[in-house]
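**Q** Can you look at this prediction? I've put the sequence above it.
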Amino acid sequence: MFKSASRKMWVLAAILALLGASLGFAVGHAAPRAQTASTVILVTPLDGNAFYPGTRGEQLVNLTTEAQVLKSDKVAAKVIESTEQGSDPVSLLRQLTTTVPPNTQLIEITFENDDPDAAVRGAQAFADAFLEFRSDQAAAYLEGQITGIRDEIEKLTANMGELSEELGKPNITAFERTTLEAQLNAGASQIASLGARESTLATTRIDPGQVVTAATLDRAALLSLRELLAFAGLLAGLGLGMLIMVFMARSNKVLRRVDELKSFGVNALRVLNEAELSRGEAKDSNPALARNSPKLTQFRSELLGMVQNSNRRVLLLASADDGCDFPLSYNAVADILASAGLKVLVIDATGRAVESGNTAKLPGIGEVLAGQSTLAEASQSSNQLLCLIGQGELVKHYENGLSSERLNEFLISAGKEFDAVLVIAPELSLSITQWLVSVIPTVLVEVELGTTKRKDVRAAQNVCVSLAAELRALLIRPTNSQPARHRPRPDNGRAEHLSNGVSGSKTT
């Protein structure tokens, strides 16, 4: 497919690839190149954990909760206070990412900043601030416990003083003395127990955790953001160029094989020349015998079937190639129809298939349709079976508003005199050809393998569909056909017999 792409398409693809790479590089250059630094901390359980007051210190903590605490405003405020990095905790926390590896007591901290040094400082500051926050919370909890114990001891001491005063009174009974002594002993035991608890809390070592891995810059990727965007732009531009090439290659693909014509769903008939028909025969054999060739017999039967099934036995033959003067296969088509014994009228609507030479210019189909001449005056008869009419002033009368009804009336009248009418038309993209197709719904399109493009045949199909016409066949032009024109005889202005056709036979 890409073999059919022109050098300009490859240049376009290269330009698009370079533009994409340049655009990606420019975007990558303008985009902020953020640096990330990471650190890892080990979180240890705390006695008197502020977040788990009912949990024993040796039990593991909930690291998901701890990670959320690390991303709290209070920790961010400590970072701002210690590093003076930023002023808004919310914006600072947007640069922070925490990860909890499964089945560990670790928290990975990642901090992002355009400045690599600031990224390292930020990651380390959040680790230190979080551990400090845990220490403060645990210390505050322990301090509260100790204060409560001391208050309780003071209350018990005061109560024991009162009990001692009661015990010192002389008029107490033995029972009251025994009760007071028991209460004093119980109070002393409670004070001793609380004192022991206070001593334990006061000597508790607070271990919030530690930084396992100091903050360092993450290893740079193999490709930077700028390089990645440039590479992505290069691929995008190259991909766009390839898509354009594929589209252009498909639309401009030249038809090279007969089997490629099957995709159009139209019968393809290969027009044969005399050399192909006589191939394999003796050099001195009569070319007229070629008329019995199986290939020609098939072509003749297909063509005659189209004439018999067409509306008013009128066929329009045009070339699928843009800029083609006239379809070269018309000579073969007319010759085969005449050789089958049909009286054929060939109308040259191209003005190029017939030359007038030095003889007086005869009227053409334009004058006949305009009522300025008759069919008998305009026709150039080669023999009793084959007549030809030139273009005349058809284009002029068409541009002046020649009606399709007039053309339809003429074809009906011609059908009474002739067995078949063949209209030679220019390319189907012209408005005058489409005007003819609107009246002649049976269309033959000539293609040439190695020259005609797929898009041209598709365009011809679209024209026929839009004008409610039927594209009956694709005529494959012989590769060695020459654009020969037929000249009228010098003596009477009548056309020579169409003997340059590909059938190799003459009508007798």
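**A** On my side now, so go ahead. Numbers count the residues shown, from 1 in each chain.

**Q** Point out where the stretch 1-150 of the chain drops to low pLDDT.
**A** Where the stretch 1-150 of the chain drops to pLDDT under 70, the residues are 1-10, 12-13, 21, 24-33, 46-61, 86.

**Q** any idea where the strands of it begin and end?
**A** With DSSP state E, counting those that start in this stretch as the criterion, the stretch 1-150 of the chain has strands at 35-43, 96-99, 106-113.

**Q** for this protein, where's the lowest mean pLDDT among helices and strands?
**A** The weakest-scoring helix or strand in the chain, judged by mean pLDDT, DSSP states H and E, is helix 274-277 (a mean of 48).

**Q** Do I have it right that Ala236 meets Leu19?
**A** No. With contact defined as Cβ atoms under 8 Å, Ala236 and Leu19 do not form a contacting pair (9.6 Å). For the C-beta atoms, the positions are set from N, CA and C on the backbone; glycine is no exception.

**Q** how about the helices of the stretch 51-200 of the chain, start to end?
**A** Using DSSP state H, counting those that start in this stretch, the helices of the stretch 51-200 of the chain run over residues 63-70, 73-83, 89-93, 116-167, 174-202.

**Q** Show me what counts as buried in the third one.
**A** Spelled out, that is helix 89-93. For helix 89-93, a neighbour-count test (16 or more other Cβ atoms under 10 Å) marks Pro89, Leu92, Leu93 as buried.

**Q** That one packs against which elements?
**A** If contacts are counted by 3 or more Cβ pairs under 8 Å, 6 or more residues apart in numbering; DSSP states H and E, helix 89-93 sits against helix 73-83.

**Q** Which residue is the nearest non-sequential neighbour of Pro89?
**A** In this structure, Pro89 finds its nearest non-sequential neighbour in Ala76, 3.6 Å apart by Cβ to Cβ, 6 or more residues apart in numbering.

**Q** ok, the one you found - contacts?
**A** Applying Cβ atoms under 8 Å, 6 or more residues apart in numbering to Ala76 gives the contacts Pro89, Val90, Leu92, Leu93, Leu96, Phe126, Ala129.

**Q** Which two among these are spaced furthest apart?
**A** Spatial extent of these (Cβ to Cβ) is set by the pair Val90 and Ala129 at 15.9 Å.

**Q** So what's the gap between stretch 91-107 and the chain middle?
**A** Its chain's C-alpha centre and that of stretch 91-107 lie 39 Å apart, by Cα atoms, centre = their mean, to the nearest Å.

**Q** quick one: contacts of that stretch?
**A** Contact with stretch 91-107 is made by 40-44, 60-61, 63-64, 66-67, 70-71, 73, 76, 79-80, 85-86, 108-113, 122, 126, 212, as judged by Cβ under 8 Å, 6+ apart.

**Q** let's see 7 Å
**A** With Cβ atoms under 7 Å, 6 or more residues apart in numbering as the test, stretch 91-107 has contacts from 40-43, 60, 63-64, 66-67, 70-71, 76, 79-80, 86, 108-113, 122, 126, 212.

**Q** Just the buried residues of these.
**A** Here, 16+ other Cβ under 10 Å leaves 40-43, 63, 66-67, 70-71, 76, 79-80, 86, 108-113, 122, 126 buried among the contacts of stretch 91-107.

**Q** can you list the weak-confidence ranges in the stretch 201-350 of the chain?
**A** In the stretch 201-350 of the chain (pLDDT under 70), the answer is 220-227, 245-252, 272-295, 310-312.

**Q** Please apply the same query to the stretch 351-500 of the chain.
**A** Per-residue confidence for the stretch 351-500 of the chain (pLDDT under 70) gives these ranges: 353-361, 382-383, 478-500.

**Q** Helices of that one, residue ranges please.
**A** 365-369, 375-378, 394-399, 404-417, 431-439, 454-466.

**Q** Please identify the deepest-packed of those helices.
**A** Of the helices of the stretch 351-500 of the chain, the one with the most neighbours on average (mean count of other Cβ atoms under 10 Å) is helix 365-369, at a mean of 23.

**Q** tell me what that one is packed against?
**A** Counting contacts by 3 or more Cβ pairs under 7 Å, 6 or more residues apart in numbering; DSSP states H and E, helix 365-369 packs against helix 375-378, helix 394-399, helix 404-417.

**Q** Return the list of helices and strands in contact with the second one.
**A** Yep, that's helix 394-399 we're talking about. Helix 394-399 packs on helix 365-369, helix 431-439, going by 3+ Cβ pairs under 7 Å, 6+ apart.
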